[in-house]
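Student: Sequence first, then the predicted structure:
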Amino acid sequence: MRRAGRRGRQAQEDGPMENGVGQEPGVPEPPPTEGSSAPRPPRARPRLVFRTQLAHGSPTGRIEGFTNVKELYGKIAEVFGISPTEILFCTLNTHKVDMQKLLGGQIGLEDFIFAHVRGETKEVEVTKTEDALGLTITDNGAGYAFIKRIKEGSIINRIQTVCVGDSIEAINDHTIVGCRHYEVARMLRELPRAQPFTLRLVQPKKAFDMIGQRTRSSTKCPPEGQVSSGKETLRLRVQGPATLQEGPSAVEEEAARHVDDLLESYMGIRDCELAVTMVEMARSSPAAPALACALDSVLGEFAFPQEFVAEVWAAVCGPRGGQE
């Protein structure tokens, strides 16, 4: 999406936007009076309008005016006449259940958003014969946790009805809707061994060409929301308004991928937006203890282990010269 360069062209745009949110056009600027030295206001940016479809098939809709993921889901639901709670997650530029194309905290200005909605519900019985089930959990930022990765050869990998992209709705009839991914991962870790339990799963509604597909994602998580045609992205934040900013550098992308891998190793979750946030916090921390304090003050509910925090700081800040 190009930004208007001249006022004459701007008059044809839908209106200004601030922090990624469209606003009503204002009153035209009056001509300056003779001798007036008042500075002219900055040029308004055009609205950001994104194209969207339902992943299993639908007409194309257009959405704008959202500042976070919940509002984004609300806008998509409004376009297609469904409830926001029907949307499990969104992918960028593909209708497939591709965990490397998940909509995270950033949307490129040319990205096409596909919404995956609730399909069939299924229940599976699992016996925990090992401490680890082989699941990596993430969530959509709006109340649904789902499976982002299934480890090869794991307990869950041997259950063919469980697939990447399935939303976990309940554990032993205890609903977990509204729980964050780290809470669900903790619940699964704390289940006793040798005692069967039941998972109630909701799979995304599939188009005909996707039926029977069982996908696995790479252990690497590429930067989400990037587009090949430009570097600017709309950054959706957990707290605060959305902002239009330049895409991350190659160094920042690599650091975020490393932190995301550490999240999976220590916490059993993958969360690219959380990884980006932790990279930003680490860069502003002079040492690992300072990072630990910063994480506790903002993300204390995660209860990150000290060794995890040390590895995060080393992964992000080590190349700066090995500060202690």
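Tutor: Arrived safely, thanks for sending.

Student: T52: what secondary structure?
Tutor: strand (DSSP: H, G, I helix; E, B strand; the rest coil).

Student: I113: what's its closest spatial neighbour, skipping adjacent residues?
Tutor: What sits nearest to I113 in space, not counting adjacent residues and going by C-beta to C-beta, 6 or more residues apart in numbering, is T52, at 4.3 Å. From N, CA and C alone the C-beta is placed, and that goes for glycine too.

Student: For beta bridges, what are the partners of the one you found?
Tutor: G61, I113 (DSSP bridges).

Student: I'd assumed H116 was in contact with it.
Tutor: No. With contact defined as C-beta atoms under 8 Å, T52 does not count as touching H116 (11.7 Å).

Student: rewinding a little: could I get the contacting residues of the residue nearest to I113?
Tutor: 60-63, 76, 79, 112-115 (C-beta atoms under 8 Å, 6 or more residues apart in numbering).

Student: Need the pLDDT of the residue nearest the centre of the chain.
Tutor: Centroid-nearest residue in the chain: G104, 2.0 Å away (criterion: C-alpha atoms, centre = their mean). At G104, the model reports a pLDDT of 77.

Student: Show the backbone phi and psi for it.
Tutor: Phi and psi for G104, reported as degrees, to the nearest 10, are phi -110, psi -130.

Student: Give me the nearest residue to F308, chain neighbours excluded.
Tutor: Spatial nearest neighbour of F308, excluding adjacent residues (C-beta to C-beta, 6+ apart): Y266 at 4.4 Å.

Student: okay, and the helix or strand of this protein with the least pLDDT?
Tutor: Here the helix or strand of the chain ranked lowest by mean pLDDT, DSSP states H and E is strand 16-18, holding a mean of 36.

Student: surely V97 meets S167?
Tutor: No. The criterion here is C-beta under 8 Å, and V97 misses it with S167 at 11.3 Å.

Student: Tell me the residues that contact both of those two, please.
Tutor: Common contact partners of V97 and S167 (C-beta under 8 Å, 6+ apart): P204.

Student: you'd agree the residue nearest to the centre of the chain is up against A275?
Tutor: No. Applying C-beta under 8 Å, one finds G104 not in contact with A275, separated by 9.2 Å.

Student: shared neighbours, those two?
Tutor: By C-beta under 8 Å, 6+ apart, no residue touches both G104 and A275.

Student: How many residues are close by E120?
Tutor: Using other C-beta atoms under 10 Å, the number of residues around E120 comes to 10.

Student: Look up phi and psi at the spatially closest residue to P305 that is not a sequence neighbour.
Tutor: Computed as C-beta to C-beta, 6+ apart, the closest residue to P305 that is not its neighbour in sequence is Y266, at 6.2 Å. Note on Y266: its backbone torsions stand at phi -90, psi -40 [degrees, to the nearest 10].

Student: Over to E311?
Tutor: When read as degrees, to the nearest 10, the backbone of E311 gives phi -70, psi -40.

Student: likewise I87?
Tutor: According to degrees, to the nearest 10, I87 has phi -90, psi 120.

Student: so what pLDDT did it get?
Tutor: pLDDT recorded at I87 is 95.
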